[in-house]
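Visitor: Sharing a model prediction with you, sequence too.
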Amino acid sequence: MAEDGRAASDSPQAVALHARSVEELYELLETLGSGHFGVVRRCRERSTGAFYAAKFVKTRRCRGSRRGLERVQVEQEVAILRDLQHPNIMRLHDLFTCRAEMVLVLELMRGGELFDFIAEKEMLSEEEAIEFLEQILLGVQYLHGRRIAHFDLKPENIMLQEKDVPKPQIKIIDFGLAQKLEDGVIFKSLCGTPQYIAPEVINYEPLSSATDMWSIGVITYILLSGLSPFQGETDAETLSNVLAGAYEFEERYFSDTSDMAKDFIQQLLVKEPQERMTASECLVHPWIKPLSRKQAAK
Ligand SMILES: COc1cc(-c2ccc3ncc(-c4cccc([C@@H](O)NCCN(C)C)c4)n3n2)ccc1O
């Protein structure tokens with residue numbers, strides 16, 4: 001990432017500099033998508049010809065404003081992203097800031113979201129699911145090892161570098177809810193997406209890296225069945241299902257699923273956070289890392 005981050009001050013000239021410096025250094029191309037985070041455009045670095053994804057985030061001019069994201073929230077996402085370097089974590093290449101907007105220049109992910117990949121295939125084979133999950137777990141193990149929790153893990157926030165290849169490489173994106181976990185500091189939040197959030201989020205209890213592991217249990221269930229384990233008719237019903245731990249392996253969707261795969265999910269969708277598998281424990285679970293060919297066949 002560029003050393004100086006090309007931060008500009010607040011004067012009108014600086015705003016012009018910001019506008020000039022982004023356009024000066026990157027040719028802005030088509031819009032790739034948009035969401036709560038802002039707009040993502042493909043861009044080409046003029047000096048190298050390399051392509052990136054530029055995420056434009058409007059930041060709130062004042063606390064009362066409803067437009068844009070709290071600047072401190074985006075600054076926290078950047079502070080977390082800039083220190084991360086892992087093949088399965090989105091890399092921040094450059095940063096531009098001005099009073100009302102921040103531009104994060106990120107690795108370009110041409111394969112789109114894992115969410116869409118699953119939708120196109122309806123569900124994955126256990127081998128395909130394991131290929132994706134092992135990468136997700138390696139990325140999450142790296143984050144948790146650095147005392148960072150993502151707190152918004154879901155298929156929409158997992159993107160594919162390329163999709164029409166035998167073994168797509170994935171990267172975890174959107175660190176907008178991520179937190180640095182400090183010893184002795186209790187973090188609570190009501191943010192997240194109902195289908196994927198753990199019971200402790202709903203109960204407004206302390207969150208931890210185990211909160212991410214619950215989300216990985218939900219993602220695994222979806223990868224293998226195309227269904228969301230706790231999805232209700234409404235968000236309220238979904239949250240109620242999560243609190244009740246009300247999910248099952250419906251025979252018509254899981255008849256061909258191995259006992260190992262179900263055990264993997266069951267050891268993550270555990271109400272007590274400290275009883276869930278960690279990312280490291282997941283990576284040596286016999287479903288992910290069979291001890292023998294015979295064990296893999298179960
Ligand atoms: C680091 O945080 C983000 C990264 C990106 C990102 C990074 C690289 C990249 N390459 C291509 C794209 C892309 C392509 C199509 C649509 C989108 C976006 O609209 N949806 C991305 C997932 N979303 C649910 C967060 C983004 N992206 N998006 C998007 C949102 C983020 O909060």
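Guide: Thanks, I have the structure now.

Visitor: for the protein, what's the longest strand?
Guide: Taking DSSP state E as the criterion, the chain has its longest strand at strand 26-35.

Visitor: For whatever residue of the stretch 1-150 of the chain ends up closest to the ligand, give the beta-bridge partners.
Guide: For the stretch 1-150 of the chain and the ligand, the shortest gap (C-beta to the nearest ligand atom) falls at Gly33, measuring 2.0 Å. For every residue, glycine as well, the C-beta is placed using N, CA and C. Per DSSP bridges, the residues bridged to Gly33 are Val40.

Visitor: follow-up on the earlier one: can you list the residues that contact the longest strand of the chain?
Guide: Strand 26-35 has contacts (C-beta atoms under 8 Å, 6 or more residues apart in numbering) with 22, 39-46, 52-54, 94, 105.

Visitor: One more pass at 6 Å, please.
Guide: Residues outside strand 26-35 that contact it (C-beta atoms under 6 Å, 6 or more residues apart in numbering) are Val39, Val40, Arg41, Arg42, Cys43, Arg44, Glu45.

Visitor: now stretch 202-217
Guide: 140, 144, 149-150, 153, 186-188, 196, 198, 239, 243, 265, 268-269, 273, 276.

Visitor: re earlier: looking at the longest strand of the chain now, give me its mean pLDDT.
Guide: The pLDDT scores in strand 26-35 average 95.

Visitor: How about stretch 139-149?
Guide: Looking at stretch 139-149 alone, the average pLDDT works out to 98.

Visitor: just the strands in the stretch 51-200 of the chain please.
Guide: Assigned by DSSP state E, counting those that start in this stretch, the stretch 51-200 of the chain shows strands spanning 51-58, 92-98, 101-107, 148-149, 158-160, 170-172, 179-180.

Visitor: could those strands be laid out in a markdown table, adding mean neighbour count and distance to the ligand?
Guide: Below are the strands of the stretch 51-200 of the chain laid out as a markdown table (neighbours: other C-beta atoms under 10 Å; distance: least, C-beta to the nearest ligand atom, whole Å):
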| stretch | mean neighbour count | distance to the ligand |
| --- | --- | --- |
| strand 51-58 | 21 | 3 |
| strand 92-98 | 21 | 7 |
| strand 101-107 | 22 | 4 |
| strand 148-149 | 22 | 14 |
| strand 158-160 | 24 | 6 |
| strand 170-172 | 24 | 8 |
| strand 179-180 | 16 | 15 |
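
Visitor: Turn the ones you listed into JSON lines, columns for distance to Ile216.
Guide: Listed next are these as JSON lines, based on distance: least, C-beta to C-beta, whole Å:
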{"stretch": "strand 51-58", "distance to Ile216": "24"}
{"stretch": "strand 92-98", "distance to Ile216": "23"}
{"stretch": "strand 101-107", "distance to Ile216": "22"}
{"stretch": "strand 148-149", "distance to Ile216": "12"}
{"stretch": "strand 158-160", "distance to Ile216": "10"}
{"stretch": "strand 170-172", "distance to Ile216": "11"}
{"stretch": "strand 179-180", "distance to Ile216": "17"}
